[in-house]
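Novice: Need the 3D shape of this:
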Amino acid sequence: MSAPQRQFTGPQPSATAIFYRRIGWLRFVDKFGRKGQAAMEYLGGLVELAGQTLHACFTRPFYSSELLSQLDEIGVKSVSITGITAFSTGMVLALQTAYALAAFGGKMFVGRVVSLSLLRELGPVLTALMVGGRVGSGITAEIGSMVVTEQVDALRAMAISPVRRLVVPRVLATLLMMPVLTALADVLGILGGLLIAVVELGMTAQDYLGSIWNQLAISDIMSGLSKTFFFGFEIALIGCWNGLKVEGGASSVGVATTRTVVLASICVLVSDFFLTKLFLAI
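Specialist: Coordinates of the predicted model:
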């Protein structure tokens, strides 16, 4: 009787392969490496787009009509949401400050605390967050829809640079309107604090405004307004980049829009810390 034939089961994995396959942390390292690579590629794309945008800002052709349209869309139509946010924040600041300082007889410092908080930090940051949520998502949705419907490819076919036609007007409009929106938000926030100071705290408008006028410095105003240029550039650049990199259908536009809001908010909050450290050191 012949010997039983051995069934062929294919090549057996080596002991080394079995060993590494059972180590879960290697999979984590691999996943972490892939995430890190994606993050570096994303940052590299943003830097490249920033360089192309800055170069296009100082070379022809210019699309002035598109810039004016974006000034209205980004600036004028954002006044309501930024103004309401700042006005309510000023009222809350006045109430909380008066409650905290009541035991120390510091009610007269309400105007100073409200104005400094709004001008240096809350005004620029809250305005940037509101603009990032409204404008950043709108930029991504608009450009992403143009990518999906192949309008961006049509621009390239007509020898029109998408960076010049789509990115530059939106970036410039955001840079120009962010300081204006922030200044309006600061004024409305101070007026909200004034309303609470007069109605709830029994202060006079002269005392409230006098404490602000006597203690406020030009550096307080300029430090807050200077931040808005960085915030506006970050918001517009992230919105444009995510819109240009949309792939697929309408669902990918929604994913890119959500990513823009999240990343823009994180960038604003993180950069605010470093900018504050920089301006305090100057």
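Novice: Can you show me the strands along the stretch 51-200 of the chain?
Specialist: For the stretch 51-200 of the chain, strands defined by DSSP state E, counting those that start in this stretch do not occur.
Novice: Where does the prediction get shaky in it?
Specialist: Counting by pLDDT under 70, the ranges of the stretch 51-200 of the chain that qualify are 105-106.
Novice: For G202, grab phi and psi.
Specialist: phi 70, psi 20 (degrees, to the nearest 10).
Novice: how close does it sit to V110?
Specialist: Going from G202 to V110 by CB to CB, to the nearest Å gives 11 Å. Bear in mind the C-beta positions are built from the backbone N, C-alpha and C, glycine included.
Novice: now the helices: where do they sit in this structure?
Specialist: With DSSP state H as the criterion, the chain has helices at 15-21, 24-57, 64-70, 79-101, 110-117, 123-131, 137-148, 151-157, 162, 168-199, 205-215, 218-244, 250-281.
Novice: Have a look at G202 and V110 and say which one is more surrounded.
Specialist: V110 (27 against 9; other CB atoms under 10 Å).
Novice: Go ahead and confirm that one touches D207.
Specialist: No - counting by CB atoms under 8 Å, V110 stays clear of D207, with 9.3 Å between them.
Novice: Which of the helices of the chain has the highest mean neighbour count?
Specialist: helix 123-131 (a mean of 26; mean count of other CB atoms under 10 Å).
Novice: Packing partners of it?
Specialist: Using 3 or more CB pairs under 8 Å, 6 or more residues apart in numbering; DSSP states H and E as the contact criterion, the elements in contact with helix 123-131 are helix 79-101, helix 168-199, helix 218-244, helix 250-281.
Novice: which outside residues touch the shortest one?
Specialist: Contacts to helix 79-101, defined as CB atoms under 8 Å, 6 or more residues apart in numbering, come from residues 107, 109-110, 113-114, 117-118, 122-123, 126-127, 130-131, 134, 181-182, 184-186, 188-197, 200-201.
Novice: got it, and stretch 126-134?
Specialist: The contact list for stretch 126-134, computed with CB under 8 Å, 6+ apart, reads 74, 78, 81-82, 85-86, 89, 174, 178, 181-182, 185, 227-228, 231-232, 235, 260-261, 264-265, 268.
Novice: Could you do stretch 214-229 as well?
Specialist: For stretch 214-229, contacts defined as CB under 8 Å, 6+ apart pick out 112, 115-116, 118-121, 123-125, 127-128, 175, 178-179, 181-183, 186, 272, 275-276, 279.
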